[in-house]
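**Q** heads up, no residue letters with this:
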């Protein structure tokens, strides 16, 4: 009995550590959720549909794109196909995380997959690289559930307030995400191949910034990964440690 | 609206679940595994560049651009030299808030 309690306590601790580690990123997510709710309200989408979308789709950029497309009268199929394109980068997240989650039962894998966003991937890639434990799935659940709660609740608040909070756009809280992700990237660069991969990704993302449906980001990811891989092969074949 | 929400929910989940669901049932080829190891810095850097360029396009006066870039590079510099993420991010945020207040 004592053992069970101990295990539960460890799980709970991992859960709260995950929740805590994602908390700086919620600063950037909450304003976006409120703006999402407010735009949905402006477009005449019901509160139930707005909150349901945030709660069961849980994909910020795809949801914004969907609103934009609905505003110009696109059909459901086109909206869904575009949301797939916008979210293609999640395939890479899924592939990267797969080896770390391979021992979990299917219901855990499904639950954690549902909560896999950019922010959660950022936190989890760092966690699995540096501090992986047998309770890491609880850490993952803590991070994703806090983000889900903030996203869903802020969409609800945004819809309830309608366009009554216009200054939120100007508060500049969206800087939280690039500052966090940027700092994480700097710490992740530990060899020349990663430095090159990151550099190529930055240049490609900048050049492809005007491509539709975040395809520039996808292109940057593919080119960055490919150049990092080629550089690491070159380093290995020329006898330099990667 | 229901069809859009359900359709998006199913497809977004399927993309996220694909490899995680298959994990353990197949062995990823070694070159792919090696290539994927670059994905965290690469994707996150791509998101940073995309977000910052959008912010610079929206706030296209030189003062706002300077505030955004100074805060970003201060955070990046601190992350590089101290390896302390919390210090880097909070310093960048505080600097951004202060500079925004001063320049407004």
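**A** Looks like it arrived, so ask away. Treat the numbers as computed from the prediction; the structure is a model and nothing was measured.
**Q** tell me which helix or strand comes right after the longest helix seen in chain A.
**A** Ordering each helix of chain A by length in residues (DSSP state H) puts helix A:2-42 first. Counting by DSSP states H and E, the element after helix A:2-42 in chain order, helix or strand, is helix A:47-56.
**Q** right, and residue B:47 touches residue A:177 too?
**A** Yes - in this structure, residue B:47 is within contact of residue A:177 by Cβ atoms under 8 Å, at 7.4 Å. Bear in mind the C-beta positions are built from the backbone N, C-alpha and C, glycine included.
**Q** name the residue in these two with the higher neighbour count.
**A** residue B:47 (27 against 23; other Cβ atoms under 10 Å in any protein chain shown).
**Q** packing partners of the helix or strand hosting the more buried one?
**A** Under the criterion of DSSP H and E, residue B:47 resides in helix B:39-58. Helix B:39-58 sits against helix A:89-101, helix A:118-130, helix A:176-188, helix A:192-207, helix A:215-237, helix B:62-82, with contacts defined as 3 or more Cβ pairs under 8 Å, 6 or more residues apart in numbering or on different chains; DSSP states H and E.
**Q** winner for burial among those helices?
**A** Comparing the helices and strands packed on helix B:39-58 by mean neighbour count (mean count of other Cβ atoms under 10 Å in any protein chain shown), helix A:176-188 comes out on top with a mean of 24.
**Q** can you check what angle separates that helix from helix A:192-207?
**A** Helix A:176-188 runs at 150 degrees relative to helix A:192-207, counting by axes from the mean of the first three to the mean of the last three Cα atoms, to 10 degrees.
**Q** helix A:176-188 and chain B, any residue contact?
**A** Yes - residues of helix A:176-188 are located near chain B by Cβ under 8 Å from any Cβ of the partner chain, namely A:176-188.
**Q** what does stretch A:37-48 give?
**A** Yes - judged by Cβ under 8 Å from any Cβ, stretch A:37-48 comes into contact with chain B at A:45, A:46.
**Q** what mean pLDDT does that stretch have?
**A** The pLDDT scores in stretch A:37-48 average 88.
**Q** buried residues, that stretch. List them.
**A** A:37, A:38, A:39, A:40, A:41, A:45 (16 or more other Cβ atoms under 10 Å in any protein chain shown).
**Q** out of those residues, which comes closest to chain B?
**A** residue A:45 (6.7 Å; Cβ to the nearest Cβ).
**Q** that older thread, nearest to residue A:72, out of the helices and strands packed on helix B:39-58?
**A** Shortest distance between residue A:72 and the helices and strands packed on helix B:39-58, using Cβ to Cβ, is found for helix A:215-237: 18.8 Å.
**Q** show me the residues around residue 51 that make contact.
**A** Picking chain A for this. Residue A:51 is in contact with A:152, A:155, A:156, A:159, counting by Cβ atoms under 8 Å, 6 or more residues apart in numbering or on different chains.
**Q** ah, I was thinking of chain B
**A** A:174, A:177, A:178.
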